[in-house]
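Visitor: here is a sequence with its predicted model. Questions after.
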Amino acid sequence: MTARQIEVLRLIGQGQTDKQIAHTLGFSHRTVEMHVGRLLEALKCHTRAEAVGVATKLGLLALGIVLFAGDGVAVAQHRPT
């Protein structure tokens, strides 16, 4: 997963719609739909709620996380403040 997909997923977790996410990030609605589709595929989920649940269990939505997109897998690492 990319850092952008994680950012979109975080906003989904806050209850934002695709339209709201597009406005928040300054993207087109279609771009957000593309990111949502790809993150659902990456997490092997069928719904947005399921994706948020899986990402939460994996620790991808925790505060203070830095994401590194390597070989298609997001690795979470805590960044000291």
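Guide: Structure received.

Visitor: what is the mean pLDDT for the helix or strand containing Ala49?
Guide: Element membership for Ala49 (DSSP states H and E) is helix 48-58. Averaged across helix 48-58, the pLDDT comes to 90.

Visitor: would you list every one of the helices in the chain?
Guide: Along the chain, the segments classed as helices by DSSP state H run 3-13, 18-25, 29-42, 48-58.

Visitor: which residues touch the first one?
Guide: By CB atoms under 8 Å, 6 or more residues apart in numbering, the residues outside helix 3-13 that reach it are 1, 20-21, 24-25, 32, 35-36, 38-39, 42, 48, 51-52, 55-56, 60-61, 67, 69, 74. For the C-beta atoms, the positions are set from N, CA and C on the backbone; glycine is no exception.

Visitor: next, the angle helix 29-42 makes with it.
Guide: Relative orientation of helix 3-13 and helix 29-42, computed by axes from the mean of the first three to the mean of the last three CA atoms, to 10 degrees: 100 degrees.

Visitor: relative to helix 48-58, how tilted is helix 3-13?
Guide: Going by the same axes, to 10 degrees, helix 3-13 is angled at 110 degrees with respect to helix 48-58.

Visitor: kind regards, and thank you for your time.
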